[in-house]
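> build me a model:
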Amino acid sequence: MSSIELTEKTVLVTGGAGFLGSHLCDRLIADGRRVICLDDFSTGRHENIAHLIGHERFELIEHDVIHPIDLDVQEIYNLACPASPPQYQADPIKTNKTSVLGAINMLDLAHSKGARILQASTSEVYGDPEVHPQPEGYWGNVNPIGLRSCYDEGKRCAETLFFDYKRQLGVDIRVARIFNTYGPRMDAQDGRVVSNFIVQALLGEDITIYGYGSQTRSFCFVDDMIEGFVRLMNAPVTPEAPVNLGNEGEFTMLELAERVLNLTGANSNIVFLPLPSDDPTRRRPDTSSARHLLDWSAEIPLERGLASTVAYFAEQLGKSDTAVTRREAV
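Here you go, the predicted model:
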């Protein structure tokens, strides 16, 4: 039993010490919620939530969601799962268990407590899409036995479970399909393209692009994504389908690398490596559902979000002399 009493709305955030989870904990605390942060620290980091330790409305519990837990909560954000290919491919069986067993355990908890629950799903459920941009009604093009399938199919199964619990048991669910998100507190070693490019540039290393750099992604700054989470959780009517959350701006990997070089002032070379198997060639959300249901759309432009992210990594790496910091000093 949690030591937090139900004197105010108590919210459970699984994966709360991760990149998105820690920002969500900050937002919920700022909104006056009592927050239970649950994390097994397989990929979450203590430094992400260190500033919240000791806060009267924050509690940290070290726990793996593949095991059940009994907590008195009124809302659950289920974010627990490695989210970058190097992380989720390191232990694919555990990744699948986290998605599937974690969903079952959190849904059972929501059902037993009458809690509302939000699932952090992913644009990876669309695989390498043949429809562009991707609307929620598109069923995707996923390799079910590939190197990425532990994550893709685990999240697809979790979505199935959420809607089955809604239909069969009446659980109040919301499912967010998250497109590429970036910002401060990303792990420098997580292998995602934004952190890779920025860290390589700040260290004066070659920027590595897989393929020819023509594949595209849409990049959503973390503050916009957290606002989307909160609006989806608080929507008065349960959406009948998952809701895409992401930025509709679409950039090639080469364009992203050039923007990072400009912001850091680095002289790094760009080198091209073979494209990993099943890596999507195009990815951009259709966010018309989020605009209609939540009055939400991503607002922070890539240049501004990248500047904030570069400044974060520059501080982490002790590389204060970047084009961004020089501009801020003027």
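> tell me the confidence at the residue lying closest to residue 300 once chain neighbours are set aside?
In space, and not counting its chain neighbours, residue 300 is closest to residue 221: 4.1 Å by CB to CB, 6 or more residues apart in numbering. C-beta: built from backbone N, CA, C; applies to glycine. Residue 221 is assigned a pLDDT of 98 by the prediction.
> just the strands in the protein please.
With strands called from DSSP state E, the chain shows them at 10-14, 34-39, 58-62, 75-78, 116-122, 173-178, 181-182, 207-210, 216-217, 220-221, 243-245, 251-252, 270-273.
> okay, the ones you listed in JSON lines with distance to residue 305 and mean neighbour count next?
Listed next are those as JSON lines, based on distance: least, CB to CB, whole Å; neighbours: other CB atoms under 10 Å:
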{"stretch": "strand 10-14", "distance to residue 305": "22", "mean neighbour count": "27"}
{"stretch": "strand 34-39", "distance to residue 305": "24", "mean neighbour count": "27"}
{"stretch": "strand 58-62", "distance to residue 305": "26", "mean neighbour count": "17"}
{"stretch": "strand 75-78", "distance to residue 305": "22", "mean neighbour count": "26"}
{"stretch": "strand 116-122", "distance to residue 305": "19", "mean neighbour count": "25"}
{"stretch": "strand 173-178", "distance to residue 305": "15", "mean neighbour count": "24"}
{"stretch": "strand 181-182", "distance to residue 305": "7", "mean neighbour count": "26"}
{"stretch": "strand 207-210", "distance to residue 305": "18", "mean neighbour count": "20"}
{"stretch": "strand 216-217", "distance to residue 305": "13", "mean neighbour count": "21"}
{"stretch": "strand 220-221", "distance to residue 305": "3", "mean neighbour count": "24"}
{"stretch": "strand 243-245", "distance to residue 305": "15", "mean neighbour count": "27"}
{"stretch": "strand 251-252", "distance to residue 305": "12", "mean neighbour count": "17"}
{"stretch": "strand 270-273", "distance to residue 305": "21", "mean neighbour count": "13"}
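> those: which one's closest to residue 284?
Nearest to residue 284 among the strands of the chain is strand 216-217 (6.7 Å), distances taken as CB to CB.
> what lines up beside that closest one in the sheet?
Sheet partners assigned to strand 216-217 using DSSP bridges are listed as strand 251-252 (antiparallel).
> which residues are contacting the strand it pairs with?
The set of residues external to strand 251-252 that reach it, using CB atoms under 8 Å, 6 or more residues apart in numbering, is 213-219, 259, 302.
> now do stretch 301-313
Contacts of stretch 301-313 (CB under 8 Å, 6+ apart): 182-186, 188, 194-195, 198-199, 202, 219, 221, 247, 249, 251, 259-260, 263-264, 319, 322, 324-325, 328.
> show me what residue 117 is bridged to.
residue 76, residue 173.
> measure it to residue 198 for me?
34 Å (CB to CB, to the nearest Å).
> I'd say the residue nearest to residue 300 and residue 246 touch.
No. At 10.6 Å, residue 221 does not count as touching residue 246 under the criterion of CB atoms under 8 Å.
> overlap in contacts of these two?
With CB under 8 Å, 6+ apart as the test, residue 221 and residue 246 both reach 181, 298.
> coming back round to it: among the contacts of strand 251-252, which two are most distant?
Among those, 214 and 302 lie farthest apart (CB to CB), at 17.6 Å.
> who has more neighbours, the two?
Neighbours per residue, other CB atoms under 10 Å: of residue 214 and residue 302, the larger number sits with residue 302, 20 against 12.
> quick one: contacts for the nearest residue to residue 224 once chain neighbours are set aside?
Closest residue to residue 224 apart from its sequence neighbours, by CB to CB, 6+ apart: residue 298 at 4.2 Å. Counting by CB under 8 Å, 6+ apart, residue 298 makes contact with 220-221, 224-225, 228, 246-249, 287.
> the residues you listed in helices, which ones?
Cross-referencing the contacts of residue 298 against helices under DSSP state H gives 224-225, 228.
> quick one: low-confidence ranges for this protein?
1-7, 320-330 (pLDDT under 70).
> which of the ones in helices among the contacts of residue 298 tops the neighbour count?
residue 225 leads those on contacts (other CB under 10 Å) with 27 neighbours.
> who's in contact with that one?
20, 178, 181, 245-246, 298.
> go with 6 Å
By CB atoms under 6 Å, 6 or more residues apart in numbering, residue 225 lies in contact with residue 181.
> if we can go back for a sec, let's have the contacts of residue 298 in TSV, adding distance to residue 206.
Converted to TSV, those look like this (distance: CB to CB, whole Å):
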residue	distance to residue 206
220	27
221	26
224	31
225	30
228	35
246	29
247	27
248	31
249	26
287	34
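> what's the burial count for the closest residue to residue 230 other than its chain neighbours?
Spatial nearest neighbour of residue 230, chain neighbours left out: residue 27 (6.3 Å); criterion: CB to CB, 6+ apart. Residues lying near residue 27 (other CB under 10 Å) number 17.
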